[in-house]
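**Student:** return a 3D structure for these sequence lines:
(2 chains)
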Amino acid sequence: MIGTEAGVVQSALYPDVLSAGDSPSEKALELLRIALPPATWSAFIKTGVIEFTGRRGTYLISYNAQTKIYDIRARHCRAYACLQLSTSAPDYDRMLAEYLVLKNDEDRYWRTANIFGPASDVAVFFFTIVDLRLLVDLFHLFFK
Amino acid sequence: MTLRKLRVMCAGGDETVAEWDTETVTPERLAEIEQEFNQRIAEGWFAADISTEEATLIQAFRADADILLIPKVQGGAQGRDRN
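**Tutor:** Down below sits the predicted model:
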């Protein structure tokens, strides 16, 4: 079963996993522990993400979010990737599958996953302004 | 004695579909396990040898390896984020 250290950390991150006993998520987490190199597993239980650095970038594989791809040199997020299993399986299994494809055939990952560019700075700035304007209008409406 | 497993990912986590002792397993039993492996590969699954830290993908059955069979992967939708 999962080690105590992992259990404590995981219970804080994902309470559903450990409270369910021998649940699919718990089994998938145990499989992740078996398959990941010890250093990668240790980092995962601390951060909740699997980090892998390949030729084309550094990948942060998350439990419940798209995989972030960082530029190796500039360290900025250059894209998001979404890869899924063709059958139903716990998210930890999907994380492991992503890791294995990346580790063994990074180009295949890029051919298979849907890759999305990050929102541009201009778009983020524009929507921030719109949000602020809406917030101001809301305050006016309530405190008029 | 070295025990090896053939596991498959499934909705319930993972399932061990075969387990064998590399020293005592019969050729007939190995042939059955290999057939199961080949059938999944033909359906588009891929396989990883998870006995070592390298966790390499393999194309052919290996009796001396712990093998994980993984369903076909495909591109997903943009809306995975649940944060």
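
**Student:** give me the residue from chain B nearest chain A.
**Tutor:** B:G13 (2.8 Å; CB to the nearest CB). Every C-beta, even on glycine, is put in place using the N, C-alpha and C of the backbone.

**Student:** what bridges to that residue?
**Tutor:** Beta bridges link B:G13 to B:C10 when assigned by DSSP bridges.

**Student:** tell me which stretches of chain A form strands.
**Tutor:** For chain A, the strands defined by DSSP state E occupy A:49-53, A:58-62, A:67-70, A:77-85, A:114-116.

**Student:** in TSV: these, plus mean neighbour count.
**Tutor:** Shown next, in TSV, are the strands of chain A (neighbours: other CB atoms under 10 Å in any protein chain shown):
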stretch	mean neighbour count
strand A:49-53	17
strand A:58-62	20
strand A:67-70	21
strand A:77-85	20
strand A:114-116	16
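
**Student:** so B:I70 sits against B:D14, correct?
**Tutor:** No: assessed by CB atoms under 8 Å, B:I70 is found out of contact with B:D14, at 9.7 Å.

**Student:** rewinding a little: out of the strands of chain A, which is closest to A:R33?
**Tutor:** With CB to CB as the criterion, A:R33 lies closest to strand A:49-53 of the strands of chain A, at 11.7 Å.

**Student:** what angle do that closest one and strand A:58-62 make?
**Tutor:** Using axes from the mean of the first three to the mean of the last three CA atoms, to 10 degrees, the interaxial angle of strand A:49-53 with respect to strand A:58-62 works out to 160 degrees.
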